[in-house]
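*Asks:* sequence? don't have it. structure:
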């Protein structure tokens, strides 16, 4: 059962009862030789500064070794590809809404891959369309209605659309919680 | 008697016209491109399996470049999954189209995550069906 989400939860949709604001919490345990404090900080700060397209919803990736309300994802950061989990892509999370990932610390885009893959933990889908031209060049331009600024269309992107946040809300492995008077209660 | 039968067959052929196939390639393999819109592990591994099954087929030739007339097999979005009896089940959608034609056929299916080959086999069958049922321009074979 390797790769299967054992506890069924990969992100938290935390709603503040008083204000109505929502925080999508993605707890991640970074491991591997490439998971240096600097790199972890860069990956997290990219995710947590994403413009979500909805001022009432924000993303919060938390680096932790312990589950938060029963939720913990694991992201391996080390040299090379993980072909067993990721196939030819080499870097991935096991599923959209999965709980295990790998990124290649030797890749120059590692600090872009990490933030993108972390959002897959929460159930966000890719937003690009693979194309192939007559010369055999493959490209992945953004899906219709998206552009290069969107992190699920292009890894260096810094934005999301409000509709994409609902993918995390609907994701079967997202745990829904409410905070009230400093206490968090989850379903 | 034989002449009557022959005449009947010729008449039937004249009425129906030549068999119309999307890829009139005189027995040559049909060029196919596999495109996948998703970089999660489940989608990537299914995509790899689909490419592999086409690469081993004598009916198709897996193309790395676009051609004027090519069958496009597209997994349009990340493969979904759910747990069934403690195991992950992959739920895919796939589109079949011929370049420069508007007719896109869609299909969906599922298989166990640890048996993605069976999903790839279903997609392969769908591609064969798509290649065989599209109406092609009748007439002389067009060189690619």
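*Replies:* Everything's here; your move. A quick note: this is a predicted structure, and the numbers were derived from the prediction, not measured.
*Asks:* okay, CA-based contacts and neighbour counts for the rest of this
*Replies:* Fine.
*Asks:* mind listing the helices for the chain?
*Replies:* Just going to use chain A. A:37-48, A:83-86, A:110-121, A:162-170 (DSSP state H).
*Asks:* You answered for a different chain; I wanted chain B.
*Replies:* Using DSSP H, helices in chain B cover B:2-16, B:41-55, B:116-133.
*Asks:* other SSEs contacting the last one?
*Replies:* Same thing as helix B:116-133. Counting contacts by 3 or more C-alpha pairs under 8 Å, 6 or more residues apart in numbering or on different chains; DSSP states H and E, helix B:116-133 is packed against helix B:41-55, strand B:87-98, strand B:105-112.
*Asks:* if we look at the second one, which residues are touching it?
*Replies:* Meaning strand B:87-98. Contact partners of strand B:87-98, identified using C-alpha atoms under 8 Å, 6 or more residues apart in numbering or on different chains, comprise A:1, A:4, B:42, B:69-83, B:103-113, B:116, B:123, B:126-127, B:130.
*Asks:* Try it again at 6 Å.
*Replies:* B:70-75, B:79-83, B:104-113 (C-alpha atoms under 6 Å, 6 or more residues apart in numbering or on different chains).
*Asks:* circling back: comparing the helices and strands packed on helix B:116-133, which comes out most buried?
*Replies:* Greatest average neighbour count among those goes to helix B:41-55 (a mean of 23), per mean count of other C-alpha atoms under 10 Å in any protein chain shown.
*Asks:* what about stretch A:61-72, how long is it end to end?
*Replies:* Terminal residues of stretch A:61-72 lie 11 Å apart, using C-alpha to C-alpha, to the nearest Å.
*Asks:* quick one: average confidence on that stretch?
*Replies:* Stretch A:61-72 shows a mean pLDDT of 95.
*Asks:* Buried ones in it, by neighbour count?
*Replies:* A:61, A:62, A:63, A:71, A:72 (16 or more other C-alpha atoms under 10 Å in any protein chain shown).
*Asks:* residues touching the first one, list them.
*Replies:* So the one you mean is residue A:61. Taking C-alpha under 6 Å, 6+ apart, one finds A:25, A:26, A:27, A:44 in contact with residue A:61.
*Asks:* What about those residues, which are in strands?
*Replies:* Among the contacts of residue A:61, DSSP state E puts A:25, A:26, A:27 in strands.
*Asks:* And the buried ones among those residues, selectable in PyMOL?
*Replies:* Those of those that count as buried under 16+ other C-alpha under 10 Å are selected in PyMOL with:
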select buried, chain A and resi 25+26+27
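*Asks:* Now the residue nearest the centre of chain B: closest residue in space that isn't a chain neighbour?
*Replies:* Geometric centre of chain B, nearest residue: residue B:127, 1.5 Å, by C-alpha atoms, centre = their mean. Spatial nearest neighbour of residue B:127, excluding adjacent residues (C-alpha to C-alpha, 6 or more residues apart in numbering or on different chains): residue B:96 at 6.5 Å.
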